[in-house]
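> give me a model of this one.
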Amino acid sequence: MSAAASVSGRNQVADTLSVAVLTPTGQDGRMAGKVLERAGLEPRVCTSMAEVCKLIEDEQIGVLLLAEEALDTSGREKLFDALNRQPSWSDVPIVLLTGEDELSGALPRPLQGVAEKGNVTLLERPVRVTTLTTVIQSGLRARQRQLDVRAYLAQRDAAESSVRASEMRLRAAVQSAPYPLMLHASDGEILQLSEAWMNLTGYYSTPVTTTDEWSALAIAGNPENPILPRGSEGADQPEGESKHLGEHIVRAADGVDRVWDFHRVALGPLPDGRRLWLTAAVDVTEYKHLVASERSAREEAEQANAAKSQFLATMSHELRTPLNAIAGYSELLKLEIRGPITPEQRQDLERIDRSQRHLLSLINDVLNFAKIEAGHVAVESKAMELGNVIKSLREFVEPQLREKGLRFSMAEDIPQSEARGDPDKVRQILINLLSNAIKFTPEGGHIDLGCYEDDEMLFLSVEDSGSGIPEDKLEAIFEPFVQVNRGYASKHEGTGLGLSISRDLARRMGGDLTVTSSVGEGSRFVLALPRA
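Numbers count the residues shown, from 1 in each chain. Sure, this is the predicted structure:
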């Protein structure tokens, strides 16, 4: 609101204030009332000083128009008593009508007493109408300013009361908070500490009134106070915004060091102009111990895993040497280089040879798994035609297919798009999938090898009509040394590493290996490879 508008508003309000009129003799009261009404004012003609005093006490008048005749001894005492009981902001303007020529000399004692006690304007009778109305309107405006002061004081008291109530609620909330909170002013004065803050530090008997004192006492190894903003720091921080102050070592009263993580929140101004801050802390000591323990345990596990992988790789290599010797000498005996052998001996040599190949296969699986875990397997990434890889598979699986009498179909409509990966590793994965399909498919069943594509990937699928895999085991079969329905009497041989190795190789090539299956209806494994 502009200054002109404000003054205008006060004048309008002043015009609504009433003018109390007390003229005990003659027609002055009635005449004054008519004059005031014509001037647009609201007169209230009184009949006694007691009535006037009641209006003053009830703050229901703007100006008192008083004739000298009303100031007899009793009237003066009542008026003085009413004026003395006014609140500090109030000083009712009084327009006092005196006798003719009284203002030209010394004032009579009654008039002098009233002039000393109140806000009095003396008018000598007879009074011009314009003079009277002008003086009264001036008094009304003065009275309105007094009322404005009263309203301002009331608003200020209400605001201060609200601030005090808010501060008390904030202090109570801070004190009862279950975690460390400090309420402090911008000059460092601590206004409130939560019980949790005191309980965790133990500084009950030590008088601490500022953040500098608390920091010097409890922040170990830090010469500066990390809680209080310094210089221009925090001056532009918006109200309600939180700033992370970092982790600091807090030394408790018993000498034990804890690690606290501090945040400081900017709040509003205090009544004295200082800014209010709320600093919150979280004791992260146990968390940091847990992280350190977890890191140490992880390092120990990684070291143990590396040692295990190194052991498997070494042992697998050492076992392959005598197995190769067994295979060599078995071949020499079957060639009858050392002399003729009987049919029974040849049959025994073939059994030795089969057992040697099976054991060598198991050792190779373990060795490959150990190499993958140790990160010693190199996987190429180059463009390749899947047709050539698929055609090379037949020679590896046909003997096993004929032995079990299984039907086998191979995709003929192979996409011309090239995949990206390692041809040898793709072939290894497919041979493993086909071998598993043959192993778990009963005689007379069928196995299908398919190939298809989408906008991003090429897919190779191996589908069989075998026993299937329970739904709760579909992910477990890709874990190392896991086989479905494998027990002590299982007729299926193997280490349970093939699928784990295959999925790892697929993912190293940027693809994946997934499975869908239904018990009794067979399984479908899909190898996905990125397009070149």
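> counting by contacts, list what the longest helix belonging to the chain packs against.
Longest helix of the chain, by residue count under DSSP state H: helix 285-334. The helices and strands touching helix 285-334, judged by 3 or more Cβ pairs under 8 Å, 6 or more residues apart in numbering; DSSP states H and E, are strand 257-269, helix 343-374. Bear in mind the C-beta positions are built from the backbone N, C-alpha and C, glycine included.
> which stretches of the stretch 401-532 of the chain have low pLDDT?
481-496 (pLDDT under 70).
> now the strands: where do they sit in it?
407-410, 419-421, 446-453, 457-464, 512-518, 522-530 (DSSP state E, counting those that start in this stretch).
> the first one packs against which elements?
Applying 3+ Cβ pairs under 8 Å, 6+ apart, one finds that strand 407-410 contacts helix 394-404, strand 446-453.
> can we see that at 7 Å?
Secondary-structure packing of strand 407-410 (3 or more Cβ pairs under 7 Å, 6 or more residues apart in numbering; DSSP states H and E): strand 446-453.
> got the angle for the strand it packs on vs helix 394-404?
150 degrees (axes from the mean of the first three to the mean of the last three Cα atoms, to 10 degrees).
> ok, and what's touching strand 446-453?
Outside strand 446-453, the residues within contact range by Cβ atoms under 7 Å, 6 or more residues apart in numbering are 386, 390, 406-411, 414-415, 417, 434, 437-438, 441, 459-465.
> wait, A185 touches L191, no?
Yes - at 6.4 Å, A185 and L191 qualify as touching, with contact defined as Cβ atoms under 7 Å.
> where's P238 relative to V265, distance?
10 Å (Cβ to Cβ, to the nearest Å).
> and L312, what pLDDT?
At L312, the model reports a pLDDT of 66.
> next: A82.
90.
> before we move on, back to that, between the strands of the stretch 401-532 of the chain, which one is nearest to T285?
strand 512-518 (42.7 Å; Cβ to Cβ).
> just checking: what are the partner strands of the closest one?
When pairing is defined by DSSP bridges, strand 512-518 lines up against strand 522-530 (antiparallel).
> ok, and what's touching the partner strand?
419-421, 429, 433, 456-466, 468-469, 506, 509-517.
> next structured bit after the helix or strand containing E116?
Element membership for E116 (DSSP states H and E) is helix 109-117. Following helix 109-117 in sequence order, the next helix or strand is strand 119-124 (DSSP H and E).
> that following strand: how far from the chain's middle?
How far strand 119-124 lies from its chain's middle: 71 Å, per Cα atoms, centre = their mean, to the nearest Å.
> now do the strands in the stretch 1-150 of the chain.
Using DSSP E, counting those that start in this stretch, strands in the stretch 1-150 of the chain cover 18-22, 42-45, 63-67, 93-98, 119-124.
> tell me which of the ones you listed sits nearest to A142.
From these, taking Cβ to Cβ, the stretch that ends up closest is strand 93-98, at 5.4 Å.
> just checking: what are the partner strands of the closest one?
In the sheet, strand 93-98 lines up against strand 63-67 (parallel), strand 119-124 (parallel) (DSSP bridges).
> now do that strand against strand 18-22, angle only.
30 degrees.
> and strand 93-98, average pLDDT?
Mean predicted lDDT for strand 93-98 stands at 89.
> give the buried residues for that strand.
93-98 (16 or more other Cβ atoms under 10 Å).
> mind listing residues that contact that strand?
Counting by Cβ under 7 Å, 6+ apart, 63-68, 111, 114, 118-125, 127, 135-136, 139, 142-143 sit against strand 93-98.
> and D254, that's in a helix?
No - counting by DSSP: H, G, I helix; E, B strand; the rest coil, D254 is located in no helix; its state is coil.
> that one contacts G202, correct?
Yes - the pair D254 and G202 qualifies as a contact (Cβ under 7 Å) at a distance of 5.9 Å.
> comparing those two, which residue is more hemmed in?
The residue with more neighbours, out of D254 and G202, is G202; 14 against 7, by other Cβ atoms under 10 Å.
> what about the closest residue to the more buried one other than its chain neighbours, how many residues close to it?
Excluding the flanking residues, the one nearest G202 by Cβ to Cβ, 6 or more residues apart in numbering is A253, at 3.4 Å. When neighbours are counted by other Cβ under 10 Å, A253 registers 14.
> again with the one 10 residues further on
Other residues within reach of H263, judged by other Cβ under 10 Å, total 14.
> might one say that it is in contact with G246?
No - using Cβ under 7 Å, H263 makes no contact with G246, being 9.5 Å away.
> hmm, back to that, please convert the helices and strands packed on helix 285-334 to TSV, extending it with mean pLDDT and distance to P226.
Compiled in TSV, the helices and strands packed on helix 285-334 are given as follows (pLDDT from 0 to 100; distance: least, Cβ to Cβ, whole Å):
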stretch	mean pLDDT	distance to P226
strand 257-269	88	7
helix 343-374	76	46
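> do you know which of those lies nearest A280?
strand 257-269 (5.0 Å).
> following that closest one, which helix or strand comes up?
strand 275-283.
> now do the same contact list for D512.
506, 528.
> for it, name its beta-bridge partners.
A528.
> burial check on the closest residue in space to P480 that isn't next to it in sequence, number of neighbours?
Nearest residue to P480, sequence neighbours excluded (Cβ to Cβ, 6+ apart): S500, at 4.6 Å. The tally of other residues near S500 (other Cβ under 10 Å) stands at 22.
> same question, L183
21.
> tell me which element it falls in.
strand 181-185.
> would you mark the buried spots in that strand?
Quick answer for strand 181-185 (16+ other Cβ under 10 Å): 181-185.
> who's in contact with it?
So strand 181-185 is contacted by 170-171, 174, 190-194, 197, 211, 227, 270, 274, 276-280 (Cβ under 7 Å, 6+ apart).
> from the residues you listed, list the buried ones, please.
170, 174, 190-194, 197, 211, 227, 276-280.
> tell me which of these is nearest to I363?
A280 (60.8 Å).
> tell me which residues touch that closest one, please.
With contact taken as Cβ under 7 Å, 6+ apart, A280 is in contact with 179-181, 263, 265.
> let's see that with 10 Å instead.
Each residue near A280 by Cβ atoms under 10 Å, 6 or more residues apart in numbering is listed here: 174, 177, 179-182, 194, 197, 242, 245, 260-265.
> tell me the bridge partners for it.
Going by DSSP bridges, A280 forms beta bridges with L181, H263.
> M410 now?
Under the criterion used (DSSP bridges), M410 bridges to L449.
> that one against V389, yeah?
No - M410 lies out of contact with V389 (Cβ atoms under 10 Å); the separation is 11.5 Å.
> quick one, which of these two is more surrounded?
V389 (20 against 15).
> show the pLDDT at that one.
86.
> can you tell me the SS state at it?
With three-state DSSP as the criterion, V389 reads helix.
> residues touching it, list them.
Per Cβ under 10 Å, 6+ apart, neighbours of V389: 414, 419, 421, 423-424, 426-427, 429-430, 451, 460.
> generate a PyMOL selection restricted to the buried entries among these.
This is how PyMOL selects the buried members of the contacts of V389, with burial counted by 16+ other Cβ under 10 Å:
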select buried, resi 414+419+421+423+426+427+429+430+451+460
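> what's the closest of the contacts of V389 to E294?
I429 (34.8 Å).
> from E479, how far off is the closest one?
In terms of Cβ to Cβ, I429 sits 17 Å off from E479.
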